[in-house]
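**Student:** okay, here's the prediction I keep looking at, along with the sequence it came from:
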Amino acid sequence: MADCYALLIADSMMKGIKSMEQSTRAIHMGFPSLDDSHAAAIAMTSAYDFTSAQEASDRFNGVTEGNIYSRFTNPSVEHFERKLTSLENAEAAVAFASGMAAYLALAMTFLKQGDHVVLASGIFGTTTHLFRQYFGQFGITATCVDLDDQHAWQAAMCDRTRMILVESPTNPLLKVADLSWLSGLAKRNHALLVVDNTLLSPVNQRPLNHGADLVLHSTGKFMDGQGRTVGGVIAGRKDVIQPLKNYLRSSGTCMNAFTAWVLSHGLDTLTARMAMHEQNARKVEAWLRQQSCVKQVFSTFSPVHPQAEVIAKQQTGHSPVISFIVEGGQAAAWRCIDALNLVARCTNIGDTKSMVTHPASTTHCRYSQEEKLQYGISDGLVRLCVGLEASQDIIQDLGQALAASQVKHSLREVVSLS
Ligand SMILES: *Cc1c(COP(=O)(O)O)cnc(C)c1O
């Protein structure tokens, strides 16, 4: 109580007012300044005070920089954007409410009716759906091309192509795009090259260094690192980020201060976490390769990866997202997934906890049967994002689950058959 009173006095003295009614105090009583706080403070405010009408006018008219309203200016969000700008070797960054909100911003800002986009096939299912279904309604066409087929990329480009959009590596099959080659193709066609860097994080790949115009992240994955928030961010040159910021001001699809604060702290440990994720993933992958019921394993650190040269050229580390095909198709893959105790059944990636999904029936369920076949999303495919638990514990859990996957007539199947 005493502390509280001292604060009240200090605050009212600061405002040059000797006494205030309780109702006024309830509104105006300040809180301690956090300027000397060692950890970053969080700016949970919607609006900001201007010292004068002139200052308000100057800020609104862009004469002076400063906060206006948290839909498009917030110190916590800016803190995160500045960190990310630096990590991606960019000039500027802009944060959004989610990864998909970032994709929406890309299209709304840079595309118009009649434009054409080339997407890498096998990218995040919702991204493909957004471009084909929703932007298709507004006369924007999209062609999907296999990441490693350079002839197909050249053939897909036309004079209406404004954007090339890739994930590298892709999820769940870990194919990579040759970013500097694609950047040349984009430049010759006056199209923007956008790279979704979610799977690697800026620790393991900096696409702007390889000629990308924009780099995009779903921030709830490795940047958060503990699966607490949903968000998105785009980084690049100032002249391409500013139009996105203008769009954000009008659309309101902004990141909130709390999420940005979580992410800024998440970035503190990103380098350490990514190294440990990779170390664990390499051990799990080596073990999976030795299992007789595992037909194939996919990872970017596999010595037999067909694009190993491209990977060595542009990645500085690897994603702990790996996939494997279980002998026995979907039934076996599901038995394996259902038998797991430690590894969670969860469609997310980039968490301290290891997680598995069955892509064909979840993340890629909106792909047709032919597309699944074409892109290699087979029925027995299981995607695993290796977390930070002790690798021997992850391996032990996978071991008993794979054994269970090969027991063909489990009690449940016998019951459901009869
Ligand atoms: C999760 C994810 C997205 C979508 O981002 P949200 O934040 O969930 O909207 C896009 N691309 C990739 C590669 C993702 O993993």
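**Tutor:** That came in fine, so what should we check first?
**Student:** gap between the helix ranked longest in the chain and the chain center?
**Tutor:** Within the chain, and with DSSP state H defining each element, the longest helix by residue count is helix 270-289. Its chain's C-alpha centre and that of helix 270-289 lie 19 Å apart, by Cα atoms, centre = their mean, to the nearest Å.
**Student:** residue contacts, the residue lying closest to C336 once chain neighbours are set aside?
**Tutor:** Distance criterion Cβ to Cβ, 6 or more residues apart in numbering; nearest residue to C336, sequence neighbours excluded, is S405 at 3.6 Å. C-beta coordinates here come from the backbone N, C-alpha and C atoms, glycine included. Taking Cβ atoms under 8 Å, 6 or more residues apart in numbering as the definition of contact, the neighbours of S405 are 293, 326-328, 332-333, 335-336, 339.
**Student:** with A333 instead?
**Tutor:** With contacts taken as Cβ under 8 Å, 6+ apart, A333 has the following neighbours: 326, 358, 379-382, 405.
**Student:** now these as CSV including secondary structure?
**Tutor:** Putting the contacts of A333 into CSV (DSSP: H, G, I helix; E, B strand; the rest coil) gives the following:
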residue, secondary structure
V326, strand
H358, coil
D379, coil
G380, coil
L381, strand
V382, strand
S405, helix
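**Student:** ok but A95 is inside a strand, no?
**Tutor:** Yes. Under three-state DSSP, A95 falls within a strand.
**Student:** list the beta-bridge partners for it.
**Tutor:** When bridges are taken as DSSP bridges, the partners of A95 come out as V233.
**Student:** how about the helices in the stretch 151-300 of the chain?
**Tutor:** Residue ranges of the helices in the stretch 151-300 of the chain, as given by DSSP state H, counting those that start in this stretch, are 179-188, 201-204, 238-251, 257-268, 270-289.
**Student:** ok, residues contacting the shortest one?
**Tutor:** Going back to what we said before, that points to helix 201-204. With Cβ under 8 Å, 6+ apart as the test, helix 201-204 has contacts from 84, 87-88, 215, 217, 221-223, 270-271, 274-275, 278, 315-319.
**Student:** buried subset of these?
**Tutor:** Burial by neighbour count, judged by 16 or more other Cβ atoms under 10 Å, picks out 84, 87-88, 215, 217, 221-223, 270, 274, 278, 315, 317-319 from the contacts of helix 201-204.
**Student:** which among those residues are in contact with the ligand?
**Tutor:** Applying Cβ under 6 Å from any ligand atom to the buried ones among the contacts of helix 201-204, one finds that K221 fall near the ligand.
**Student:** quick one: which of the buried ones among the contacts of helix 201-204 is nearest to the ligand?
**Tutor:** When these are compared for distance to the ligand, the smallest value, 5.6 Å, is given by K221; criterion: Cβ to the nearest ligand atom.
**Student:** residues contacting the residue nearest to the closest one when sequence neighbours are not counted?
**Tutor:** Among residues not flanking K221 along the chain, G350 sits closest, at 3.1 Å (Cβ to Cβ, 6+ apart). With contacts defined as Cβ under 8 Å, 6+ apart, the neighbours of G350 are 198, 220-225, 227, 385.
**Student:** select the helix or strand of this protein having the lowest average pLDDT value.
**Tutor:** Taking mean pLDDT, DSSP states H and E as the measure, the helices and strands of the chain show their lowest mean at helix 2-14, namely a mean of 43.
**Student:** quick one: pLDDT of D178?
**Tutor:** You'll see D178 listed with a pLDDT of 96.
**Student:** might you report the residue contacts of it?
**Tutor:** D178 sits in contact with 150, 307, 310, 313-314, where contact means Cβ under 8 Å, 6+ apart.
**Student:** among these, which are within reach of the ligand?
**Tutor:** The subset of those within reach of the ligand, by Cβ under 6 Å from any ligand atom, is empty.
**Student:** dump those residues to CSV, plus neighbour count, pLDDT and secondary structure.
**Tutor:** Formatted as CSV, the contacts of D178 follow (neighbours: other Cβ atoms under 10 Å; pLDDT from 0 to 100; DSSP: H, G, I helix; E, B strand; the rest coil):
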residue, neighbour count, pLDDT, secondary structure
Q150, 14, 93, helix
Q307, 18, 95, coil
V310, 21, 96, helix
K313, 13, 97, helix
Q314, 21, 97, helix
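**Student:** show me which of those residues is closest to the ligand.
**Tutor:** Closest to the ligand out of the contacts of D178 is Q314 (16.8 Å), distances taken as Cβ to the nearest ligand atom.
**Student:** close to the ligand, is stretch 242-257?
**Tutor:** No. Contact of stretch 242-257 with the ligand (Cβ under 6 Å from any ligand atom) is absent, the minimum separation being 10.4 Å.
**Student:** and that stretch, average pLDDT?
**Tutor:** Across stretch 242-257, the average pLDDT comes to 97.
**Student:** which strand residues bridge the residue in the stretch 101-250 of the chain that the ligand sits nearest to?
**Tutor:** Taking Cβ to the nearest ligand atom as the measure, the point where the stretch 101-250 of the chain comes nearest the ligand is S218, at 3.1 Å. Beta-bridge pairing of S218, defined through DSSP bridges, involves G232.
**Student:** hmm, S46 is touching Y69, no?
**Tutor:** Yes. Contact between S46 and Y69 holds when scored by Cβ atoms under 8 Å: they sit 6.8 Å apart.
**Student:** what residues does the stretch 201-350 of the chain put near the ligand?
**Tutor:** 218, 220-221, 230, 232, 349.
**Student:** in CSV, list those along with pLDDT.
**Tutor:** Formatted as CSV, the entries for these read as follows, by pLDDT from 0 to 100:
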residue, pLDDT
S218, 98
G220, 97
K221, 97
V230, 98
G232, 98
I349, 95
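**Student:** biggest separation within these, which pair?
**Tutor:** Pairwise distances across those peak at 14.6 Å for G232 and I349 (criterion: Cβ to Cβ).
**Student:** element containing F324?
**Tutor:** strand 321-326 (DSSP states H and E).
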